[in-house]
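Colleague: Have a look; sequence and predicted model below, questions after that.
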Amino acid sequence: MNDERNFRSQYYEKVGFRCVEEKRSIETLLKDQPVDEKKLTNFSLRMTLPAAYRTLVWKLLLGITPRHPGAREYAHQQQVLMYEDLWSTLQALRLAQEFISITPGALALPVSEPYDQGKAPKPRHYLMMWLISNAKLLFNPLAQLRTHNNKCFLLIAERFVTMYKDPLDVYLMCSALWEDIEKNKAAIEGAIQDASGMIKKDNETLHQHLMKVGFFSSNIPQSFCQSLFCGIFPESAAEKVLDKVVAGCYKVLGYVLTALLTYLQCSLMMCGSANEMCIELNKLSEKGADVVVSSSMEQWHKVAITGTQKGVSSATN
């Protein structure tokens, strides 16, 4: 049976219909009751998630949607109530008045209302709601938004605002993903060290210049990796990175950072400081982002899936 499946997969890939096999595979996994999280994780690591199922898979892996279908409606109802409470709290604290008038006794933006870009919460409001839910909102919230960690949250929120129309989805995805990032800061630091090592091995000239200007000793690599490159990648490129990170593979960020620095080597070599490099990195074009992500995923896949260097465990943790 495995031989038959492998032959079919190879055939689909050769004729350009690999997505057909991927769609059938993910549909089979999602029919399990409850959904097998381990199988879903393995699929996300090995394949590109079909767009039609990406949101559901992310929600399942991030713990937003219960793995058992029977519990999903109740969970959603509770999430709606939680969101409404947080939004009302933001209003009561007079932190939501910048873009919407407040009607006494009424929720400013009910989740059930059609999406209206003019009324939708801004990224900073999603951050403040998350801070409230975790009892972390300080006396001066506007100053709090300027901290390094919170800037990274805002970049992620800005990307999700363009990806989802429902404010509830934006809040739940941002919150769950950010909490996962907070738990995996050590893995992110490890990915940055991996990037430095890979560049030193393959491109000594670039590595020496990066070290000379203090790029790796600055907080710039952390900012890009901790924000999952959402500030410079368009939606299509960001989704491919998020597929792996949501599946628990923060090590892939090291490959993305390596590909990014290598792709922009010519302009980076002209920079005399880490801050100048940051400006250049933020100029990355949409086409450049696609090249960077494709290159990094190809290299990561060779190491993580085919095990051509250190094997599966070293590249997927």
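Modeller: Arrived safely.
Colleague: burial measure for residue 234, as a count.
Modeller: 17 (other Cβ atoms under 10 Å). Glycine gets a C-beta too; all of them are placed from N, C-alpha and C.
Colleague: That one reaches residue 288, doesn't it?
Modeller: No: Residue 234 lies out of contact with residue 288 (Cβ atoms under 8 Å); the separation is 10.2 Å.
Colleague: what residue ranges in the protein are flagged as low confidence?
Modeller: Residue ranges of the chain with pLDDT under 70: 1-20, 97-119, 305-317.
Colleague: quick one, domains of it?
Modeller: 14-61, 71-182, 184-316 (automatic domain parsing).
Colleague: Tell me which of these sits most buried.
Modeller: Among these, domain 184-316 has the highest mean neighbour count (mean count of other Cβ atoms under 10 Å), at a mean of 18.
Colleague: just how off-centre is that domain within its chain?
Modeller: 14 Å (Cα atoms, centre = their mean, to the nearest Å).
Colleague: likewise stretch 162-176?
Modeller: 12 Å.
Colleague: what's the answer for stretch 133-149, then?
Modeller: Relative to its chain's centre, stretch 133-149 lies at 21 Å (Cα atoms, centre = their mean).
Colleague: Renumber starting at 146 from here on
Modeller: In the new numbering, first residue 146, that becomes stretch 278-294.
Colleague: Can you give me the end-to-end span of it?
Modeller: End-to-end distance of stretch 278-294 (Cα to Cα, to the nearest Å): 17 Å.
Colleague: In contact with residue 268, which residues?
Modeller: 299, 302, 303, 306 (Cβ atoms under 8 Å, 6 or more residues apart in numbering).
Colleague: Roughly how far does the first one sit from residue 369?
Modeller: Right, the one you point to is residue 299. Counting by Cβ to Cβ, to the nearest Å, the gap from residue 299 to residue 369 is 14 Å.
Colleague: Same question for the third one.
Modeller: As defined by Cβ to Cβ, residue 303 lies at a distance of 14 Å from residue 369.
Colleague: which stretch of helix or strand covers the residue positioned nearest the centre of the chain?
Modeller: With distances taken as Cα atoms, centre = their mean, residue 387 lies nearest the centre of the chain, 3.8 Å away. Using DSSP states H and E, residue 387 maps to helix 380-391.
Colleague: Now do the following helix or strand past that helix: everything it contacts.
Modeller: Downstream of helix 380-391, the next assigned helix or strand under DSSP H and E is helix 397-408. The contact list for helix 397-408, computed with Cβ under 8 Å, 6+ apart, reads 333, 335-340, 343-344, 347-348, 351, 355, 366, 369-370, 373-374, 386, 389-390, 413, 426, 429, 433, 436-438, 440-442, 444-445, 449.
Colleague: send the alpha carbons of helix 397-408 over as PDB?
Modeller: Extracted in PDB, the C-alpha atoms of helix 397-408 (Å, rounded to 0.1, in the frame of the first residue of the first chain):
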ATOM      1  CA  VAL A 397      13.100  26.900  10.100                       C
ATOM      2  CA  LEU A 398      13.500  30.600  11.000                       C
ATOM      3  CA  GLY A 399      17.300  30.100  10.900                       C
ATOM      4  CA  TYR A 400      17.100  29.000   7.300                       C
ATOM      5  CA  VAL A 401      14.800  31.900   6.400                       C
ATOM      6  CA  LEU A 402      17.200  34.400   8.000                       C
ATOM      7  CA  THR A 403      20.200  32.800   6.200                       C
ATOM      8  CA  ALA A 404      18.400  32.900   2.800                       C
ATOM      9  CA  LEU A 405      17.300  36.600   3.500                       C
ATOM     10  CA  LEU A 406      20.800  37.800   4.300                       C
ATOM     11  CA  THR A 407      22.300  35.900   1.400                       C
ATOM     12  CA  TYR A 408      19.800  37.200  -1.100                       C
END
